[in-house]
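test case, fold it:
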Amino acid sequence: MQFLSRWDSQRLSTTTRGIPLVDGAATEDIGRQRWSPSRGDLALPALTLDEAAFAANRDLFLRWCASAGISVAPHAKTPMSPELASSLRAAGAWGTTVANAQQAAVLLASGERRLLLANEIGGLAAGRRLGTLLSAYPDVEFHAFADSPAAVAALAEAARIAGRRELSVLVELGAGRAGARDRAAIEATIAAVLAADRLVLGGVATYEGAAATSDPEATMRAIATLLERTIEALARVRAAAPQRPLILSAGGSAYFDIVARTLTPAAQADGNASVILRSGALFFSDHGIYARAFAEVDRRGGLLIDGLLHSAAQSFRPALTLWAEVLSRPEDGLAIAGFGMRDASFDQGLPVPLRVFRDGVELHGLAAALAVTRLNDQHAFLSVTPEAALAVGDIIALGISHPCTCLDRWRVILGLDADGVVTRALPTQFG
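Numbering: from 1, shown residues only. Okay, the predicted model is just below:
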């Protein structure tokens, strides 16, 4: 755990957004400061994690997975926080998913020993780089995606450089993004793995979210088709590897229920295959894209856990809050707040005002009079109803949409307890 120890001893100062100390403090000492963003103790803007909400989301989803007879390797790309990845695994996650070799390096250095690299890595040069990384971790259980003989060749090069006896390859099926598109591509990929030294067939993978469109009905048809193709590919991989335990992997954070309902019977019929989801953003939830996705999960039947039905929309709790200060009231109906595109996600919707504080006291009802209408790099434009008494210096707590593209803007996330007090600093490692 040398990697985490190095970050635990990092000194955080005003060079890090949110930290108000000019002289700084060690990461492990941040919780002792007893800062409260609602009082203005932080150097705003700041991004915080509701520790209780994150834990509740974690426990809920892991219980659902256990009840459904499936496992999850949470995608680390969402927070790129080794500490949060470790906490999910310690709570019962099967392993961890990464998107590229840099993310794999971060998680391996932090102590993770079971990784899914849910992506093609590139060509032979990328294979050499991955092999050099894996050579430092000979004990790691590692699975990587391939959708073509060229992708297989890169992984074979990685296995050779790493000196591994075998490297597990999941044949990826795709729609809209990477992944084999037809039977010929699947068979060519399987044949390339069988012909390669040091590679073994580890299973089949896909990503159903890439099949989504703006048309809900068309999306359901596309996902159903993709998952059926994935099941067919599993049969072909099984025929080529009759004795091996196989992985059947899919599942982002929006359609995980459909994935489980479709793929679990196929894995059970196989008798030696396991469904591994890769959901990551749902552990954070949000006030936008995933709030809407969970409402759709409820429309499809909700979450069945040990025979009891739970509402996804009501059970998953948004865990991230963006805090910002009102900088200006330049004209009636307009406020300028101190955050912008460099601080908040905006690709799936603008932040939503949740609460407003003045001198640490909440101004109840005021947030409902506000709406974020657009962002500059470091300014937010808020419409304000005529009767709203919003003032310069007021602090706004905002919910975000799409955790993945919000978290990657932050070097440090600050954990909050139930009283809204900072408990710890969580450094991120986006590279």
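
correct me, but Gly302 touches Ser311?
Yes. Using Cβ atoms under 8 Å, Gly302 is in contact with Ser311, at 5.6 Å. (C-beta placed from N, C-alpha, C; glycine too.)

those two - which one has more neighbours?
Gly302 (18 against 13; other Cβ atoms under 10 Å).

quick one, grab the pLDDT at the more buried one.
For Gly302, the model assigns a pLDDT of 97.

could you number the chain from 27 rather than 1 from now on?
New numbering, starting at 27: the last item is Gly328.

what's near enough to touch it?
Going by Cβ atoms under 8 Å, 6 or more residues apart in numbering, Gly328 touches Leu335, His336, Ser337, Ala338.

that one and Pro344, how far apart?
Distance of Gly328 to Pro344, given as Cβ to Cβ, to the nearest Å: 18 Å.

all strands for the stretch 227-376 of the chain, in order.
272-276, 299-303, 329-331, 334-336, 346-357, 360-363 (DSSP state E, counting those that start in this stretch).

can you give the contact residues for the fourth one?
Translated: strand 334-336. By Cβ under 8 Å, 6+ apart, the list of residues contacting strand 334-336 reads Leu86, Trp90, Gly327, Gly328, Leu329, Leu330.

list only buried entries from the residues you listed.
Neighbour counting by 16 or more other Cβ atoms under 10 Å classes Leu86, Trp90, Gly328, Leu329 among these as buried.

hmm, the first one is touching Phe342, no?
Yes. If you go by Cβ under 8 Å, Leu86 and Phe342 touch, sitting 6.8 Å apart.

ok so, going back, what's the most buried one of the strands of the stretch 227-376 of the chain?
strand 272-276 (a mean of 25; mean count of other Cβ atoms under 10 Å).

show me what it is packed against.
strand 193-198, strand 225-231, helix 242-266, helix 282-296, strand 299-303 (3 or more Cβ pairs under 8 Å, 6 or more residues apart in numbering; DSSP states H and E).

residues in contact with Gly229?
Here Gly229 is in contact with His169, Ser194, Leu196, Val197, Leu260, Val263, Leu272, Ile273, Leu274, Ser275, Ala299 (Cβ under 8 Å, 6+ apart).

the fifth one touches Leu272, doesn't it?
In this case it means Leu260. Yes. Leu260 sits in contact with Leu272 when judged by Cβ under 8 Å, with a separation of 6.9 Å.

what sits in contact with each of the two?
Joint contacts of Leu260 and Leu272 (Cβ under 8 Å, 6+ apart) are Gly229, Val230, Asp296, Ala299.

which non-adjacent residue is nearest the first one?
In this structure, Gly229 finds its nearest non-sequential neighbour in Ile273, 3.4 Å apart by Cβ to Cβ, 6 or more residues apart in numbering.

same question, the third one
If the residues on either side of it in the chain are set aside, Asp296 comes closest to Arg264, at 6.1 Å by Cβ to Cβ, 6+ apart.

next up, the contacts around that neighbour.
Leu272, Asp296, Ala299.

count of residues packed around the second one?
Residues contacting Asp296 under the criterion other Cβ under 10 Å number 18.

quick one: it and Ala406, what's the gap?
51 Å.

against Glu413, how distant is the residue nearest to Gly229?
58 Å.

do the same with Arg139
Taken as Cβ to Cβ, the span from Arg139 to Glu413 is 58 Å.

out of the two, which sits in the more crowded spot?
Neighbours were counted for Arg139 and for Glu413 using other Cβ under 10 Å; Arg139 has more, 14 against 6.

what residue, apart from its backbone neighbours, is nearest that one spatially?
Nearest to Arg139 is Val166, by Cβ to Cβ, 6+ apart, at 5.2 Å.

tell me the SS of the closest residue to Ala125 other than its chain neighbours?
Nearest residue to Ala125 in three dimensions, chain neighbours excluded: Lys103, at 4.7 Å (Cβ to Cβ, 6+ apart). Per DSSP: H, G, I helix; E, B strand; the rest coil, the local secondary structure of Lys103 is coil.

go through stretch 198-217 and flag the buried ones.
Glu198, Leu199, Gly200, Ala201, Ala204, Gly205, Ala206, Ala211, Ile212, Thr215, Ile216.

assumed the last one was part of a strand.
No. Counting by three-state DSSP, Ile216 falls outside a strand, being helix.

wouldn't it be in contact with Val230 here?
No. Ile216 lies out of contact with Val230 (Cβ under 8 Å); the separation is 9.8 Å.

shared neighbours of those two, anything?
Shared contacts of Ile216 and Val230, counting by Cβ under 8 Å, 6+ apart, come down to Val197, Val263.

what's the neighbour count on the residue nearest to Arg139?
17.

among the buried residues of stretch 198-217, which two are most distant?
Ala201 and Ile216 (19.0 Å; Cβ to Cβ).

on that earlier part again, pull the most distant pair out of the contacts of strand 334-336.
Farthest pair in these, by Cβ to Cβ: Leu86 and Gly327, 15.9 Å.

confidence score at the nearest residue to Ile257 once chain neighbours are set aside?
Leaving out its chain neighbours, the residue that sits closest to Ile257 by Cβ to Cβ, 6+ apart is Ala292, at 4.4 Å. pLDDT for Ala292: 98.
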